[in-house]
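Peer 1: Predicted structure and sequence below. I'll ask about it afterward.
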Amino acid sequence: MIDLYSWTTPNGRKVSILLEELGVPYTVKPINITKDEQFAPDFLKISPNNRIPAIVDHETGVQMMETGAIMLYLAQKYDRFQAKGNAYWQMMEWLMWQMGGLGPMLGQVHHFVKYNPGKAPYAEERYSNEARRLYRVLNTQLEGRDHVVGEGKGIYTIADMAMWPWISRHDFQQIDLADFPNVKDWYERLLQRPAVQRGYHVPKKVNDIPGL
Ligand SMILES: N[C@@H](CCC(=O)N[C@@H](CS)C(=O)NCC(=O)O)C(=O)O
């Protein structure tokens, strides 16, 4: 059995969506980051960076923080939602792009534009421009494809699951998905998946899923 320590955020939802897609049993341990529960000593033993999500896999003894690592671990453990051959490295490429670019930059947009507007105009402009640039990159990658990686139409991998919860907050980022039609189609395609919908509402439902 896997314990998932998480909260209702894009990073948390990446892993709950993957666990729902895998259909494996897991127990959710809510860590309310609005109440600083991520700093509790017991949680720090699992996630020394005091961030959610984290997992403990009681079957293997593995405990981990960092979504990129957690998703690779789970994809490898169950041998699902990972590309093979050269496409494996393409999956790594886009997973790293999400971890180092899309997630952190959109996170900055949420911080400055959504939650602290007017306090730092330069930061608002810089991160909003960067967000639009990243949406353009993703839109180009999705041209003619159903998924971010793989040959032809592509295959559904952890790279898609890592990006989708960030794109689900396009309203926070003041992004109109109509400006990025390939991203919009991809977003709506994944939105129809029952596992994505279930994973979004972990550890609890706080709002309707945008676009549903
Ligand atoms: N690189 C980390 C980022 C995790 C992260 O930033 N989590 C946020 C929620 S989305 C958090 O726990 N924030 C609590 C805090 O800032 O103290 C990952 O991918 O797991």
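Peer 2: Structure received. Residues are numbered from 1 along each chain as shown.
Peer 1: hey, let's count contacts and neighbours off CA atoms from now on
Peer 2: Fine.
Peer 1: Residues of this structure that sit close to the ligand?
Peer 2: Contact residues (C-alpha under 6 Å from any ligand atom) of the chain with the ligand: 9-11, 33, 51-53, 66-68.
Peer 1: Let's see that with 8 Å instead.
Peer 2: Counting by C-alpha under 8 Å from any ligand atom, the residues of the chain close to the ligand are 7-12, 33, 36, 38-39, 50-54, 65-68, 99, 103-104, 107.
Peer 1: Please list the residues outside the biggest helix by length in the chain that contact it.
Peer 2: Ordering each helix of the chain by length in residues (DSSP state H) puts helix 121-141 first. With C-alpha atoms under 8 Å, 6 or more residues apart in numbering as the contact definition, helix 121-141 has outside contacts at 101-102, 105-106, 108-109, 112-113, 117, 148, 173, 175, 180-183.
Peer 1: Just checking the distance from it to the centre of its chain.
Peer 2: Chain-centre distance of helix 121-141: 17 Å, with C-alpha atoms, centre = their mean, to the nearest Å.
Peer 1: Buried ones in it, by neighbour count?
Peer 2: Applying a neighbour-count criterion of 16 or more other C-alpha atoms under 10 Å, the buried positions in helix 121-141 are 123-124, 127-128, 130-132, 134-136, 138-141.
Peer 1: Mind checking which of the contacts of helix 121-141 are in helices?
Peer 2: 105-106, 108-109, 181-183.
Peer 1: Flag every buried residue along stretch 187-207.
Peer 2: Residues of stretch 187-207 classed as buried: 187-188, 190-191, 195-203 (neighbour count, 16+ other C-alpha under 10 Å).
Peer 1: Equivalent analysis for stretch 145-164, please.
Peer 2: In stretch 145-164, counting by 16+ other C-alpha under 10 Å, buried: 145-150, 154-164.
Peer 1: Strands along the protein, start to end?
Peer 2: 2-6, 26-30, 54-57, 62-65 (DSSP state E).
Peer 1: what packs against the third one?
Peer 2: So the one you mean is strand 54-57. Applying 3 or more C-alpha pairs under 8 Å, 6 or more residues apart in numbering; DSSP states H and E, one finds that strand 54-57 contacts strand 2-6, helix 41-46, strand 62-65, helix 67-78.
Peer 1: how does the protein divide up, domain by domain?
Peer 2: Per automatic domain parsing, the structural domains of the chain span 2-80, 86-193.
Peer 1: For residue 209, find the nearest of the ones you listed.
Peer 2: Of all these, domain 86-193 sits nearest to residue 209, with 7.6 Å by C-alpha to C-alpha.
Peer 1: circling back to that earlier point, which one (most neighbours) among the contacts of helix 121-141?
Peer 2: Among those, residue 148 has the most neighbours (other C-alpha atoms under 10 Å), with 28 neighbours.
Peer 1: Okay, that residue and the ligand: tell me how far apart.
Peer 2: 19 Å (C-alpha to the nearest ligand atom, to the nearest Å).
Peer 1: quick one: the residue nearest to residue 72 when sequence neighbours are not counted and the ligand, what's the gap?
Peer 2: Spatial nearest neighbour of residue 72, excluding adjacent residues (C-alpha to C-alpha, 6 or more residues apart in numbering): residue 158 at 7.7 Å. Going from residue 158 to the ligand by C-alpha to the nearest ligand atom gives 13 Å.
Peer 1: Please apply the same query to residue 112.
Peer 2: 14 Å.
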